[in-house]
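Enquirer: Below: sequence and its predicted model.
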Amino acid sequence: MQQKRESIQERRGKLLSFYRDHKRMPSISELMALFGLSSRSSAFHVSKRFIEEGYVEKDVAGKLIPGAGLFSIPLVGHIRAGFAAPAEEELADTVKIGDYLLGDVNASYLLQVEGDSMEDAGIQSGDMVVFERTSNTKPGDIVVALTEDGYTLKYLRKRGEMFFLEAANDRYPDIHPKEGQIIGRVTSTFRKY
Amino acid sequence: MNTNSSYPRAIVHFDGDSFFASVEQAKNWKLRGKPVVTGGERGAVTSLSVEAKKLGAHRGMPMQEIRRTCPGVIVLAGDYTAYSIYARRMYAIAKTFTPLVEEYSIDECFADITGLDTERGMSYEEIARSIKSTLQEKLGITFGVGLAPSKTLAKVASKREKPNGFTVLPIERIEEVLRDTEIYDVWGLGGMSGNKLRGLGVFSAFDYIQKSDAWLKEHSFVKPQRDTWLELQGYPVLEVLTEHHAKPHSVMMTRAFTPPSTDREFIFSQLSKNVEGACAKLRRSGMKAQALSFYLKTQEFTYHGVQIELDVAVDAPPRILSAIKKRFDEVYKTEIPYRASGVTLRSLSTIGSVTPDLFGVYEEEKMKDETFRALDQVNKKYGRNTLYIGSSMHALSAPVAKYRTKVAPGFLPAAADGKKSLDIPYLGVVH
């Protein structure tokens, strides 16, 4: 079993308590013991890391001496004077408009509306429709069905045990679809000017 | 540890049925149920829909003959952007089941689902079927699927039933299935080695696995054929290569031009375009090439080519082009009409591991890096071929034969500049 590697902060903590106990910095072999390292080279590597972090410095003789960083409170990131740079962490919670408009990216397709059959649902001729290919549709969804005359966009309704398609416009009759004609569900619509 | 004796390893192979033609039918509902053939742009069949196959059309048939003998056949130019979008979706959907997916080709992938049975409380067969039906539901095209203990057997299985097939090939069924699998039809034995095996009286895959290791040695069948021999017996030798370790060994770019040409400048320009494209691919994968070959294909389909070694690994066209220029006339003959050109870049290494040479050529190349990175950025932003090198101009300004069917009425001008298309397939008009 491999042990979880200590973080640099954890090691800094151990280094600090060593210093408080002994009033001096550890030697390479003491570093090995302190962090449970199996070789001198890895201890040497750790000491280099400490120097980079500013926890320790080397004196003229090459011995480790405490650096300013050893005693300071660790900062999360760096703060510059003036305005902070945009933080990656903050931006990680944002989503692109494309992804927002899509459902399942790998099952999404585009159609363009022609006609006024869904007018009362606010979907006008010329609008773009994003739909997801899926068999998972339920009454109330706006679905896409493929008929002999092409694609049609309608509400999926259920009366008793019967499913049918209903336009959002009184001038259009209900359609009773055959099995397998409904190919997906609308996830969003948009209009580009 | 897995203890499933039918599947010591569980590999699934997915093969899109008539992939290009199927994508065309999925994109345009009016093509459903109709005989569709793709490859119009190159005058050679790249894919045939089930309906076209029923009319007797097959691969290798000249386009003219297909048009003549198959009434009502619809010949389309390939839409490689769309095929790539569908391919990427295929990989992505398979990866929602397991990260161990090999993006084998534009219409095929492998998935290693070993151990998923206990994890999901489903049998391997159920999992493979579930991936198949998810792919078909989300993409709107069908797949041939094979489940077996090795990649080679999974490919045998996915081929067995077409279209919309599903074949399981557990250890117990290997003999039965391999008895009626032609040696040619085995992955990796289609070419020379298949011929050689037939010459030695090995006609079926079953005949092959009856042979001993000593027999293989005796007839000098070594590494790749021996791997195939083991895989056919149900020993998984070939790994499912995920993106992580599937670094390309070579990058190839070819261009066919119609009508065939004898124009020296034009043909060199085609090669220049090949090199440009291949280098762009290299830069995208962060690699450099130190060897290359280029070839010209005549109207009689014979190839003439030359191999070149470079003194330093590069990912930009200038050095490659000047190397080709020096040796172009070894290949090019004035009186022969050529119909295609191609470039293969080889000896690839990742950028970090390139050894600089002693004479400063590497440093010189490094200067060009920035130029071509800027070029990549521009082309990424404004569309392919917005910026290109001078020697490619001739190839790009040549009239391109238009084969595309008319765009559905009401088609939206995809992006503002009209050059790039959306990465979501547009399926037409809805009423």
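Expert: In hand now; what should we look at?
Enquirer: for residue B:224, what are its contacts?
Expert: B:188, B:193 (CB atoms under 8 Å, 6 or more residues apart in numbering or on different chains). To be clear about C-beta, it is placed using only N, CA and C from the backbone, and glycine gets the same treatment.
Enquirer: Residue A:111 touches residue A:143, doesn't it?
Expert: No - the pair formed by residue A:111 and residue A:143 falls short of the contact definition of CB atoms under 8 Å, at 11.9 Å.
Enquirer: Quick check: neighbours shared by these two?
Expert: residue A:153.
Enquirer: For chain A, what lies in contact range of chain B?
Expert: Residues of chain A lying close to chain B by CB under 8 Å from any CB of the partner chain are A:102, A:104-115, A:117, A:128-130, A:133-135, A:144, A:146, A:149-153, A:183, A:192.
Enquirer: Show me what from chain B comes close to chain A.
Expert: Going by CB under 8 Å from any CB, the residues of chain B near chain A are B:29-30, B:89, B:92-93, B:137-140, B:410-412, B:422, B:424-431.
Enquirer: Filter these down to the buried ones, ChimeraX style.
Expert: The command below creates a ChimeraX selection of those among the residues of chain B next to chain A that count as buried (16 or more other CB atoms under 10 Å in any protein chain shown):
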select /B:29,89,92,93,137,138,139,140,424,425,426,427,428,429,430,431
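Enquirer: Which of the residues of chain B next to chain A fall in strands?
Expert: Within the residues of chain B next to chain A, residues falling in strands by DSSP state E are B:426-430.
Enquirer: Make TSV from those and add pLDDT to it.
Expert: Shown next, in TSV, are these (pLDDT from 0 to 100):
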residue	pLDDT
B:426	90
B:427	92
B:428	90
B:429	91
B:430	92
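Enquirer: If we only consider these, which is nearest to residue B:370?
Expert: The shortest approach to residue B:370 among these belongs to residue B:426, at 36.8 Å (CB to CB).
Enquirer: Dig out what the closest one forms beta bridges with.
Expert: residue A:110 (DSSP bridges).
Enquirer: What about residue B:48, how many residues nearby?
Expert: 25 (other CB atoms under 10 Å in any protein chain shown).
Enquirer: Could you pull up the residues touching it?
Expert: Counted by CB under 8 Å, 6+ apart, residue B:48 has contacts B:18, B:21, B:35-38, B:57-59.
Enquirer: Now which of these would you call buried?
Expert: Buried, going by 16+ other CB under 10 Å: B:18, B:21, B:35-38, B:57, out of these.
Enquirer: so what's residue B:116 up against?
Expert: B:10, B:97-98, B:122, B:124, B:127.
Enquirer: can you rerun that using 7 Å?
Expert: B:98, B:127 (CB atoms under 7 Å, 6 or more residues apart in numbering or on different chains).
Enquirer: where exactly do the helices run in chain A?
Expert: A:8-22, A:28-35, A:40-53, A:88-91, A:97-101 (DSSP state H).
Enquirer: mind listing the strands in the stretch 101-250 of chain B by residue range?
Expert: Using DSSP state E, counting those that start in this stretch, the strands found in the stretch 101-250 of chain B span residues B:101-105, B:108-112, B:143-148, B:166-168.
Enquirer: buried sites along the first one?
Expert: When you say that, I think you mean strand B:101-105. B:101-104.
Enquirer: what angle do that strand and strand B:108-112 make?
Expert: 160 degrees (axes from the mean of the first three to the mean of the last three CA atoms, to 10 degrees).
Enquirer: partners of strand B:101-105, with directions?
Expert: For strand B:101-105, pairing defined by DSSP bridges yields strand B:108-112 (antiparallel).
Enquirer: And the pLDDT for the residue lying closest to residue A:14 once chain neighbours are set aside?
Expert: Of all residues not flanking residue A:14 in the chain, residue A:34 sits nearest, at 5.7 Å (CB to CB, 6 or more residues apart in numbering or on different chains). We have a pLDDT of 89 for residue A:34.
Enquirer: So residue A:34 sits against residue A:13, correct?
Expert: No - look at residue A:34 against residue A:13 with CB atoms under 7 Å: they stay out of range, at 11.0 Å.
Enquirer: Between these two, which is the more surrounded one?
Expert: Neighbour count, other CB under 10 Å: between residue A:34 and residue A:13, residue A:34 has more, with 16 against 13.
Enquirer: what sits against the closest residue to chain A within the stretch 101-250 of chain B?
Expert: Using CB to the nearest CB, residue B:138 is the residue of the stretch 101-250 of chain B that sits closest to chain A, at 3.7 Å. Contacts of residue B:138 were listed using CB under 7 Å, 6+ apart, and they are A:106-107, A:133, B:93.
Enquirer: and if you look at residue B:330?
Expert: Residue B:330 neighbours (CB under 7 Å, 6+ apart): residue B:306.
Enquirer: just to revisit the earlier point, could you pick out the buried ones from the contacts of residue B:138?
Expert: Judged by 16+ other CB under 10 Å, buried ones among the contacts of residue B:138: A:106-107, A:133, B:93.
Enquirer: The residue in the stretch 301-431 of chain B positioned nearest to chain A pairs with what?
Expert: Residue nearest to chain A within the stretch 301-431 of chain B: residue B:430 (4.1 Å; CB to the nearest CB). Judged by DSSP bridges, the bridge partners of residue B:430 are residue A:113, residue A:151.
Enquirer: if I look at it, how far off is residue B:329?
Expert: Look at residue B:430 and residue B:329: by CB to CB, to the nearest Å, they are 57 Å apart.
Enquirer: Tally up the residues packed near the residue nearest to residue A:191 when sequence neighbours are not counted, please.
Expert: Leaving out its chain neighbours, the residue that sits closest to residue A:191 by CB to CB, 6+ apart is residue A:127, at 5.0 Å. By other CB under 10 Å, the residues close to residue A:127 number 18.
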